[in-house]
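Trainee: Sequence and predicted structure, then a few things I'm wondering about:
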Amino acid sequence: MKLVHCAFASLVAMALVATQGRAQTLRYPDRPVKVVVAFAPGGNNDVPVRIVAARLSELWGQPLVVDNRPGAGGSVGSDFVARAPADGYTLLNCNSATHGVNPALNKKLPYDPVKQFSAIALIGSAPNVLLVPAASPLHTLPEFVAQAKAKPGALAVATAGIGSTQHFSLELMKSMTATDIVHVPYKGGSLALADLIGGQVQAAITGLPTALQALKAGKVRALAVTSGERSKLLPELPTFAEVGLAGYEVSTWTGLCAPAGTPRTVVDKLAEDVHRALATPEVRQQLLDAGVEPRVTSSSWLAEHIAAEVAKYSRIVITAGIALEQ
């Protein structure tokens with residue numbers, strides 16, 4: 001009889017927890033929500049988050065406030081959210097830097113990108129793009145690789161800096177083609193692009209959002225995109241994989257995560273609402289105008305993607321011997 005009583009009590013407790021979870025979901029959010037962007041305003045992560053945040057605020061009837069907390073390559077803002085209450089009211093713009101590159105480069109991060117966060121949903125992604133000056137005689141990636149092989153160490157490629165996804169794009173290309181190409185790190189992709197246009201460097205790898213206007217104006221030429229699929233913004237441009245580098249893929253991505261332990265019902269509602277926002281034609285167009293391709297994914301997909309990104313970039317760090325600037 002005692003066992004029956006215990007079993008009944010357990011069932012009641014489980015039902016109570018489930019009921020409380022559903023009730024919390026129905027009420028959520030009943031006050032303003034904060035999403036931390038671990039970089040300065042106006043950047044490639046900040047802009048897409050603000051676009052989606054505006055739509056979510058309309059759906060909820062509650063403000064979704066963007067809180068920029070830059071510092072230490074995204075570690076300051078990420079650590080802040082990792083330690084925040086797991087109630088769904090403090091979120092993080094997790095992205096390819098905070099949850100991919102940084103953990104691979106820095107083994108002493110104050111946060112764990114996998115264990116300390118609950119993945120919610122992807123917002124979108126953008127490829128990097130290999131660029132040459134408009135007057136360059138190089139028109140394809142195979143031509144670029146052939147020149148690099150013919151003159152080891154003679155070609156130089158500018159990127160947004162050591163440890164950027166653009167730097168990783170270059171190192172992966174070098175390792176897959178067995179070429180000796182000089183890396184020229186800048187303090188930002190726009191600076192690298194400016195010097196490419198000015199003829200100070202022979203080539204550059206930048207994020208597509210950074211290069212889009214210069215490409216449209218004919219100031220530079222794109223040879224290939226780093227993503228696994230062609231970009232909707234430049235559908236005529238092949239991927240690295242299509243023109244000889246099978247399996248090559250590097251993209252910048254941006255999404256939302258919550259502190260680990262956030263109730264599953266809240267995470268699921270957040271994911272559903274992000275998907276609703278991304279289904280809005282105005283939101284999709286605004287993201288595309290910003291150079292970001294909207295992507296609808298499940299929470300589990302994003303969690304698996306984060307783990308895979310850390311593993312991929314960790315391999316490149318070891319192969320290329322990349323070290324953070326001191």
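Mentor: Ah, there it is.

Trainee: Which parts of the stretch 201-326 of the chain are helices?
Mentor: 208-216, 264-278, 281-289, 299-320 (DSSP state H, counting those that start in this stretch).

Trainee: Please name whichever of the ones you listed is nearest to residue 32.
Mentor: helix 264-278 (14.5 Å; Cβ to Cβ). In short, each C-beta sits where N, CA and C put it, glycine included.

Trainee: any idea whether residue 196 is helix, strand or coil?
Mentor: Using DSSP: H, G, I helix; E, B strand; the rest coil, the structure places residue 196 in helix.

Trainee: about what we covered before: of all the helices of the stretch 201-326 of the chain, which one is nearest residue 117?
Mentor: Closest approach to residue 117 among the helices of the stretch 201-326 of the chain (Cβ to Cβ): helix 299-320, 7.9 Å.

Trainee: Can you give me the buried ones in the closest one?
Mentor: Residues of helix 299-320 classed as buried by neighbour count (16 or more other Cβ atoms under 10 Å): 299, 302-303, 305-306, 309-310, 312-314, 316-317, 320.

Trainee: Any idea which of the helices of the stretch 201-326 of the chain gets closest to residue 63?
Mentor: Closest among these, using Cβ to Cβ: helix 264-278, at 14.2 Å.

Trainee: quick one, that closest one and helix 299-320 angle?
Mentor: Interaxial angle of helix 264-278 relative to helix 299-320 (axes from the mean of the first three to the mean of the last three Cα atoms, to 10 degrees): 80 degrees.

Trainee: Now residue 224. Nearest residue, chain neighbours left out?
Mentor: residue 141 (4.4 Å; Cβ to Cβ, 6 or more residues apart in numbering).

Trainee: What about that neighbour, how many residues nearby?
Mentor: Residues within reach of residue 141, counting by other Cβ atoms under 10 Å, total 23.

Trainee: can you check residue 34 too?
Mentor: Neighbours of residue 34 (other Cβ under 10 Å): 16.

Trainee: Which positions in stretch 273-286 come out as buried?
Mentor: Residues of stretch 273-286 classed as buried under the neighbour-count rule (16+ other Cβ under 10 Å) are 273-274, 277-278, 280, 283-284, 286.

Trainee: for stretch 194-207, that is, sorry about that
Mentor: 194, 196-197, 201-207.

Trainee: Ends of that stretch, what's the gap?
Mentor: Counting by Cα to Cα, to the nearest Å, you get 13 Å between the two ends of stretch 194-207.

Trainee: quick one: it to chain centroid distance?
Mentor: The chain centroid and the centroid of stretch 194-207 are separated by 23 Å under Cα atoms, centre = their mean, to the nearest Å.

Trainee: What's the mean pLDDT across it?
Mentor: Throughout stretch 194-207, pLDDT has a mean value of 96.

Trainee: is it true that residue 147 lies in a strand?
Mentor: No - counting by three-state DSSP, residue 147 falls outside a strand, being helix.

Trainee: thinking again about what came up before, contact partners for the residue nearest to residue 224?
Mentor: By Cβ atoms under 8 Å, 6 or more residues apart in numbering, the contact list for residue 141 reads 130, 223-224, 238, 240, 243-245.

Trainee: Let's see the pLDDT reported for it.
Mentor: Value for residue 141, per-residue pLDDT: 97.

Trainee: for residue 42, same thing?
Mentor: Confidence at residue 42, expressed as pLDDT, is 87.

Trainee: what do you get for residue 180?
Mentor: Listed pLDDT for residue 180 reads 97.

Trainee: from what I can see it touches residue 150, true?
Mentor: No - counting by Cβ atoms under 8 Å, residue 180 sits too far from residue 150 to count as a contact (11.0 Å).

Trainee: circling back to that earlier point, which pair of the buried residues of stretch 194-207 spans the longest distance?
Mentor: 202 and 207 (19.1 Å).
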